[in-house]
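>>> I'll drop the sequence and a predicted model, then ask my questions.
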Amino acid sequence: MTAEGMSDCLFCRVVARKSPADIEYEDDAVLAFKDIYPKAPVHLLIVPKRHIASIMAMEPGDAEVIGRCLLAARKLGEAKGFAERGYRVSVNCGPEGGQHVYHVHFHFLAGRRSGA
Ligand code: AMP
Ligand code: ZN
C-alpha cells in the first residue's frame, strides 16, 4: 500500500496519531490500544505499525513483526495482571473470519472466561 493509501486505513491513522485511540503499549514495531467496542473487561488491539492488510497478505518478511505482536501480548498479560489467569489472543481473517478492519490485528481479551 502506498503512503497515500495508508491514510484510508483506520489503524494506520491510529499509528500516525491521526485518529484518536487509548494507547496501552508501544515499541518501535508495535502499537496496542483499547478496542472501542470492548467484548471483554479488557479488550485491546495489538497491531504492527507497518501496514499488513491481513494474514492472507503476510509475506515471509512479516514474520518478525507478527512475532513482536505476540511478545507485546505477553508484556500486556504481565502488566495487566493476567499472566496466571490467562487471556485470549485471536485474529480474524477475511469476510467469513469476521475481519472488518484490513490492517492485521490481534484481539487481546482478558477478564472473562473464554469458551472454546
Ligand atoms: P475485526 O472485526 O477483527 O476486524 O476487529 C476490528 C475491531 O476494531 C473491532 O473489535 C472494533 O470494535 C474495533 N474498532 C473499530 N474502530 C475502532 C477505533 N476507532 N478504535 C479502536 N477500535 C476500533
Ligand atoms: Zn494500515
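Structure's in. What do you need? Numbering: from 1, shown residues only. Ligands and ions are numbered 1, 2, ... in the order given.
>>> can you list the residues of the chain near ligand 2?
Within the chain, the positions lying close to ligand 2 (CB under 5 Å from the ion) are 9, 11-12, 51, 103. From N, CA and C alone the C-beta is placed, and that goes for glycine too.
>>> Mind doing that once more with 6 Å?
6, 9, 11-12, 51, 103 (CB under 6 Å from the ion).
>>> most surrounded residue in the residues you listed?
residue 103 (24 neighbours; other CB atoms under 10 Å).
>>> which non-adjacent residue is nearest it?
Leaving aside its sequence neighbours, residue 103 sits nearest to residue 11 (CB to CB, 6 or more residues apart in numbering; 3.7 Å).
>>> tell me which residues in the helix or strand harbouring residue 72 are buried?
Remark: residue 72 resides in helix 63-79, with elements defined by DSSP states H and E. For helix 63-79, the neighbour count (16 or more other CB atoms under 10 Å) marks 65-66, 68-69, 72-73, 76-77 as buried.
>>> since we're on residue 56, how many residues are nearby?
The burial count for residue 56: 12, using other CB under 10 Å.
>>> Tell me how far it lies from residue 6.
Applying CB to CB, to the nearest Å, the value for residue 56 to residue 6 is 18 Å.
>>> re the thing from before, which one of the residues of the chain next to ligand 2 is nearest to residue 38?
Distance to residue 38 across these (CB to CB) is lowest for residue 11, with 16.6 Å.
>>> ok so the residue nearest to residue 103 is a helix residue?
Yes: counting by DSSP: H, G, I helix; E, B strand; the rest coil, one finds residue 11 located in a helix.
>>> Nothing else from me, thank you.
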